[in-house]
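Asker: Return atomic coordinates for the entry below.
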Amino acid sequence: MAVVLALVAVAVGAVIQGSIGFGYAFVAVPAMALLYTEAVPVTPLLLALPMTVLMSAREWKSIDVSGFFLITGARVVGTALGVALLVFIPASFLSVLVGLLIVAAALMSFLSPNFEVNNKTRLAGGVASGVTSTTAAIGGAPLALIYQDRSGAELRSTLAISFVAGIAISLVGLALAGKVEGWHFVLALELLPGLLIGLWASRWAVKALDERWLRPTVLGFAAAAGLLVTFLGSQG
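Answerer: Numbering: from 1, shown residues only. Purely as a prediction, here's the structure:
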């Protein structure tokens, strides 16, 4: 039964991320934390790696290559900043602050008809992604907000290739720390069919969303993610 529930959670997460470029972790990670506590974060990352690689390949012609390099470099800075903040500020308070900032950014985006993507906003998004992923495990929302006005293909593919780099770095770090074990790979293989089914099913959601609903969906999901992180932080 646990495997079935985990398969469903992974499939739903893959549908969401395959449709709007982020969101897999908000469904898959909590479910896996309840069903297979010691599998987090290694198994979710092992599953996320092929998902983001496939997403990058699926719409590779639309990748914002220069944006990817800017974002990746800025994420390193943001990660270091996030670690420093965790040293001086309680994690629960940081989660609340990060969540509220994401909600505020999403609301401002709702009220603003246009959002310009340039090198400054890419760098800012990369730094914000590094900070938020380190302090609240929601690195995708800031990047999605940066690319909210670009085509669905560019948003999804650019976020995906950015996630590939981040996930690979995280897995290497966890492996060097001795946190990656054989059974993590076995569980990931068991759940891989759910991931592939969800990513395959997302193709139909992409067609519906890209016509007119992608931006509102991205902003709504980012706001919901911010509220969730705020709530969890307030409980801590």
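
Asker: low pLDDT regions in the chain?
Answerer: Applying pLDDT under 70 to the chain picks out residues 112-115, 137, 211, 236.

Asker: which residues in this protein form helices?
Answerer: Ranges of helices in the chain, per DSSP state H, are 2-20, 24-35, 42-58, 65-88, 91-111, 119-136, 140-146, 152-176, 182-208, 214-235.

Asker: With mean neighbour count as extra columns, can I get the ones you listed in TSV?
Answerer: Every residue, glycine included, has its C-beta placed from N, CA and C. Shown next, in TSV, are the helices of the chain (neighbours: other Cβ atoms under 10 Å):
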stretch	mean neighbour count
helix 2-20	22
helix 24-35	21
helix 42-58	21
helix 65-88	17
helix 91-111	18
helix 119-136	22
helix 140-146	27
helix 152-176	20
helix 182-208	17
helix 214-235	19
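
Asker: Make sure residue 67 is actually in contact with residue 158.
Answerer: Yes - here residue 67 reaches residue 158: they are 5.7 Å apart, a contact under Cβ atoms under 8 Å.

Asker: Residue 136 and residue 57, how far apart?
Answerer: Counting by Cβ to Cβ, to the nearest Å, the gap from residue 136 to residue 57 is 29 Å.

Asker: Equivalent analysis for residue 178, please.
Answerer: 32 Å.

Asker: Pick out the residue closest to the middle of this protein.
Answerer: By Cα atoms, centre = their mean, the chain has its centre lying nearest to residue 140, at 3.5 Å.

Asker: what about the closest residue to it other than its chain neighbours, how many neighbours?
Answerer: Counting by Cβ to Cβ, 6 or more residues apart in numbering, residue 140 lies nearest to residue 22, which is 3.0 Å off, once chain neighbours are set aside. Residue 22 has 25 neighbours, counted by other Cβ atoms under 10 Å.

Asker: gap between residue 22 and residue 51?
Answerer: Residue 22 is 11 Å from residue 51, by Cβ to Cβ.
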